[in-house]
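>>> my questions concern the predicted model and sequence given below.
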Amino acid sequence: MDSPYLIEFKKLGASGIGYISVNENIEHIPFKVERVFWTYFTPEDVVRGRHAHYKTEQVLIAVAGRIVVNLELPNGEKQIYTLDKPNVGLYVPANCWHTMQYSHSSVQLAFASTQYAESDYIRNYDDFKTYYSKK
C-alpha cells in the first residue's frame, strides 16, 4: 500500500510582487489525473470527507486558507496534516479514511485518479474497518 506524503510544487516570485506555482505536464502527481474539483466556503464547524476510496488516489492542495486533513490507513495508523501553503499538496492513496476541516476562507483543489463513481466510496467508518480487517 502506498503511504501519504507531501508534495512541494515550484514557487516562483517574491513577497513584493506575489507568487505563482506551476505544475506543467502534471509533474509530481503520481497518477494520471482523471478529475479535478475544488471545495470552498465550507463553514469551520463542518467536517467533510468522512470516507475512503477503493481505487481513487488524490492530491489535495489548500490554494487558500487552511485545511486540516486527518487520515487513517488500513492498518489503523493515523496521520494529521495541516495544509496552509498553496504550493504544497498532500498525496492521499486509495484505501485511506479521510476527513477534512477547513478555515472559512479556504479553497481546496483536488486532483483525482478516477472519474466520480459512487461505487468507489466507503462512506461508513465501520464498513471501512471491517473491510480492511479482513485483508
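Received it, and whenever you're ready, just let me know what you need.
>>> got the phi/psi numbers for Asp126?
phi -60, psi -40 (degrees, to the nearest 10).
>>> mind checking how far it is from Trp97?
11 Å (CB to CB, to the nearest Å). Any C-beta I mention is one placed from the backbone N, CA and C, and that applies to glycine too.
>>> who has more neighbours out of these two?
Neighbours per residue, other CB atoms under 10 Å: of Asp126 and Trp97, the larger number sits with Trp97, 20 against 8.
>>> so the more buried one makes contact with His51?
Yes. Using CB atoms under 8 Å as the test, Trp97 is close enough to His51 to be in contact (7.2 Å).
>>> any low-confidence regions in the protein?
Counting by pLDDT under 70, the chain contains low-confidence ranges at 1, 135.
>>> tell me where it has strands.
Assigned by DSSP state E, the strands in the chain fall at 5-8, 12-14, 18-20, 35-40, 47-53, 58-64, 67-72, 78-83, 88-92, 97-102, 107-112, 121-122.
>>> neighbours around the residue lying closest to Pro74 once chain neighbours are set aside, how many?
In space, Pro74 comes closest to Tyr132 once its chain neighbours are excluded; the distance is 3.8 Å by CB to CB, 6 or more residues apart in numbering. Residues lying near Tyr132 (other CB under 10 Å) number 18.
>>> how about Phe111?
With other CB under 10 Å as criterion, Phe111 counts 21.
>>> Gln101: what's it in contact with?
Residues near Gln101 by CB atoms under 8 Å, 6 or more residues apart in numbering: Glu44, Val46, Val47, Arg48, Ile67, Val68, Asn70.
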